[in-house]
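Chemist: structural data only, the sequence is not supplied:
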């Protein structure tokens, strides 16, 4: 698939192109609005990664041309980093690139699911599947100074769907929790009876008035904060495509608890022992 990458900072452009290329996507790299407009008339792009700070203006000025090329092309707006020379900023940049790659994968996967291009009939044992996602996310959590733990109140629960999509949704919820968690904070991921995945953080939580809006595309409480405002919308779309739901509530003691509800095919019988595993600094 071809991705239009509109970014004038050479190092950022190379990093993003290399990152998305590792997942099988091809980056059509341009550095200005004019070049992007020309590229849109030639290529068949599945996604646009758009920097706002471009030599010939605000990148958002490209949006009408994107919509003319195809009303359905997803657009991810990038936040520029002015200085990538110091180590701390470089680490932040690499984390941002990791999140961009994750988001690119999920946006395209969500589009494929909506077009029925991806099978939804895989048999997935949710406990082991989510345990593997937590293990994969643990290094990112630890590098950020957080701890992440996995719990399961059932030995096994089976769902039908797309394993890659479910893993993507859980990864997105974990990434969201790590953003919200305070320094040295704990993120808990749990698989509960009824094929419910819970992700609990100790952050500021989500106000009751905002709990429906957080799943809307591009919604952010603070426009200055990190992220694109797409991650939770993709989680909701993936949940719906599996016949499930996504919701958020308050974590007892403070924080947010996000839940991914999936239709269960079977649940382990009574008498099994729950499990718990902690990844910490």
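Modeler: Ah, there it is. Just so we're clear, the structure is a prediction, and the values are computed from it rather than from any experiment.

Chemist: how does this protein divide into domains?
Modeler: Domain assignment for the chain, taken from automatic domain parsing, gives 2-114, 122-279.

Chemist: would you single out the least confident of these?
Modeler: Within the domains of the chain, confidence is poorest for domain 2-114, with a mean of 77 (mean pLDDT).

Chemist: just to revisit the earlier point, mean neighbour count for the domains of the chain - can I get that in CSV?
Modeler: Bear in mind the C-beta positions are built from the backbone N, C-alpha and C, glycine included. Putting these into CSV (neighbours: other Cβ atoms under 10 Å) gives the following:
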stretch, mean neighbour count
domain 2-114, 17
domain 122-279, 18
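
Chemist: so residue 6 sits against residue 34, correct?
Modeler: No - the criterion here is Cβ atoms under 8 Å, and residue 6 misses it with residue 34 at 10.5 Å.

Chemist: can you give me the helices in the protein?
Modeler: Ranges of helices in the chain, per DSSP state H, are 10-21, 33-42, 63-69, 87-114, 126-143, 163-180, 231-241.

Chemist: output the ones you listed as JSON lines; include the columns distance to residue 250.
Modeler: Shown next, in JSON lines, are those (distance: least, Cβ to Cβ, whole Å):
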{"stretch": "helix 10-21", "distance to residue 250": "35"}
{"stretch": "helix 33-42", "distance to residue 250": "43"}
{"stretch": "helix 63-69", "distance to residue 250": "36"}
{"stretch": "helix 87-114", "distance to residue 250": "25"}
{"stretch": "helix 126-143", "distance to residue 250": "22"}
{"stretch": "helix 163-180", "distance to residue 250": "13"}
{"stretch": "helix 231-241", "distance to residue 250": "16"}
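
Chemist: my guess is residue 131 contacts residue 152, does it?
Modeler: Yes - contact criterion Cβ under 8 Å: residue 131 and residue 152 qualify, at 7.4 Å.

Chemist: shared neighbours, those two?
Modeler: None of the residues lies in contact with both residue 131 and residue 152 under the rule Cβ atoms under 8 Å, 6 or more residues apart in numbering.

Chemist: ok so, going back, looking at the helices of the chain, which is nearest to residue 199?
Modeler: Of all these, helix 163-180 sits nearest to residue 199, with 4.3 Å by Cβ to Cβ.

Chemist: quick check: angle from the closest one to helix 126-143?
Modeler: Our comparison of helix 163-180 with helix 126-143, counting by axes from the mean of the first three to the mean of the last three Cα atoms, to 10 degrees, yields an angle of 40 degrees.

Chemist: other SSEs contacting helix 163-180?
Modeler: Secondary-structure packing of helix 163-180 (3 or more Cβ pairs under 8 Å, 6 or more residues apart in numbering; DSSP states H and E): helix 87-114, strand 122-125, helix 126-143, strand 186-192, strand 196-200, helix 231-241, strand 256-261.

Chemist: from residue 51, how far out is residue 58?
Modeler: Taking Cβ to Cβ, to the nearest Å as the measure, residue 58 falls 10 Å from residue 51.

Chemist: not counting residues beside it along the chain, what's closest to residue 151?
Modeler: residue 190 (4.2 Å; Cβ to Cβ, 6 or more residues apart in numbering).

Chemist: nope, residue 165 is what I meant
Modeler: For residue 165, the closest residue by Cβ to Cβ, 6+ apart turns out to be residue 238, at 4.9 Å.

Chemist: fine by me, thanks again.
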